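Trainee: Please find the sequence and the predicted model below.
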Amino acid sequence: MPDRFVTIANFAFTSDPVSQAELAKIKLEAEGIKCFLPGKNFIGIDWLCSAVAGGVKLQVKESDTKKAFEILQDGGKVNIEALDSNLTPEPTDVLCPKCNSDDIEYRKFSRMAFYLGILFFRVPLPLPLKSYKCNNCGYVWRGK
């Protein structure tokens, strides 16, 4: 009788369930465990239905469950913020005109237009903004 797939983790109440499930799947596949993510496409289309649909389930073969639990000791959740903090920021030649700091964030699109478009039209509106924001003093100026 072939091994059947069993659910070992459920990603329903995380900030980004599809990404969390994909990272856990990558972690397991790197160790040679075959995985399956039922519900990924449905929740990827409409993430607001994550809790209603039961979230993205991480399934492995029944014979691999013990090894999968050992690999995913933290319940299958991968800390995305910890992964982002390990990345070194790109060197930038732009300095804040107010405080001369190099801790600069480039804003390519307007976040307000993006979220208002989702709220009212259910489609994001990527209006170009092209501005810089200093994370040190909070000063915002237009880019070139």
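Mentor: On my side now, so go ahead. Only a predicted model underlies this, so the values are computations on that prediction, with no experimental measurement involved.
Trainee: C-alpha from now on. contacts and neighbour counts both.
Mentor: Noted.
Trainee: Alpha carbons only: can I get the lengthiest helix in the chain in PDB?
Mentor: Within the chain, and with DSSP state H defining each element, the longest helix by residue count is helix 17-30. Once non-C-alpha atoms are left out, helix 17-30 reads as follows in PDB (Å, rounded to 0.1, in the frame of the first residue of the first chain):
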ATOM      1  CA  PRO A  17       0.200  32.100   4.900                       C
ATOM      2  CA  VAL A  18       1.300  31.200   1.300                       C
ATOM      3  CA  SER A  19       4.900  32.500   1.700                       C
ATOM      4  CA  GLN A  20       5.200  30.800   5.100                       C
ATOM      5  CA  ALA A  21       4.000  27.500   3.700                       C
ATOM      6  CA  GLU A  22       6.300  27.800   0.700                       C
ATOM      7  CA  LEU A  23       9.300  28.500   2.900                       C
ATOM      8  CA  ALA A  24       8.500  25.500   5.100                       C
ATOM      9  CA  LYS A  25       8.100  23.400   1.900                       C
ATOM     10  CA  ILE A  26      11.500  24.600   0.600                       C
ATOM     11  CA  LYS A  27      13.100  23.700   4.000                       C
ATOM     12  CA  LEU A  28      11.700  20.200   3.800                       C
ATOM     13  CA  GLU A  29      12.500  19.600   0.100                       C
ATOM     14  CA  ALA A  30      16.100  20.700   0.800                       C
END
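Trainee: moving C-terminal of it, what's the next helix or strand?
Mentor: Sequence-wise, the next helix or strand downstream of helix 17-30 (DSSP states H and E) is strand 35-36.
Trainee: What helices and strands are in contact with that next one?
Mentor: helix 17-30, strand 56-61 (3 or more CA pairs under 8 Å, 6 or more residues apart in numbering; DSSP states H and E).
Trainee: average pLDDT for it?
Mentor: Strand 35-36 comes out with an average pLDDT of 88.
Trainee: And stretch 61-78, by the same measure?
Mentor: When the per-residue pLDDT values of stretch 61-78 are averaged, the result is 76.
Trainee: got a list of what the residue positioned nearest the centre of the chain touches?
Mentor: By CA atoms, centre = their mean, the chain has its centre lying nearest to Ser19, at 4.8 Å. The neighbourhood of Ser19, defined by CA atoms under 8 Å, 6 or more residues apart in numbering, contains no residues.
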